[in-house]
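*Asks:* Based on what follows, work out the 3D shape:
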Amino acid sequence: MEPINEAHVVEPGLAVVEVAACDDQTAFAVQELLAARWATAAADRTTRDPGQPGVRLRCYLDVRQTLGS
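*Replies:* Numbers count the residues shown, from 1 in each chain. I've put the predicted structure just below:
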């Protein structure tokens, strides 16, 4: 994965979450759980690193913005 961009963590309440999972379905399920709780810039695809097991997904959260409140 690419390095984390400083703009994504420039102030308190912003977070970058990297998910490692056995398959796309699991990675997207984790992202969906996060998106149900906080404002999320969701990923639309996973990545596979050669020689590494499973898939990876990165999404960006703003935990200052809870949904449904």
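*Asks:* would you list every one of the strands in the chain?
*Replies:* 14-21, 38-41, 55-66 (DSSP state E).
*Asks:* Let me know the average pLDDT across stretch 20-33.
*Replies:* Averaged over stretch 20-33, pLDDT sits at 96.
*Asks:* buried ones in that stretch?
*Replies:* Ala21, Thr26, Ala27, Phe28, Gln31 (16 or more other C-beta atoms under 10 Å). Bear in mind the C-beta positions are built from the backbone N, C-alpha and C, glycine included.
*Asks:* How about stretch 56-67?
*Replies:* Arg56, Leu57, Arg58, Cys59, Tyr60, Leu61.
*Asks:* wait, what's in contact with Gln65?
*Replies:* Each residue near Gln65 by C-beta atoms under 8 Å, 6 or more residues apart in numbering is listed here: Trp38, Ala39.
*Asks:* Against Leu14, how distant is it?
*Replies:* As judged by C-beta to C-beta, to the nearest Å, Gln65 and Leu14 stand 10 Å apart.
*Asks:* if we can go back for a sec, adding distance to Arg45 as columns, could you present the buried residues of stretch 56-67 in JSON lines?
*Replies:* Formatted as JSON lines, the buried residues of stretch 56-67 follow (distance: C-beta to C-beta, whole Å):
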{"residue": "Arg56", "distance to Arg45": "10"}
{"residue": "Leu57", "distance to Arg45": "8"}
{"residue": "Arg58", "distance to Arg45": "10"}
{"residue": "Cys59", "distance to Arg45": "11"}
{"residue": "Tyr60", "distance to Arg45": "15"}
{"residue": "Leu61", "distance to Arg45": "18"}
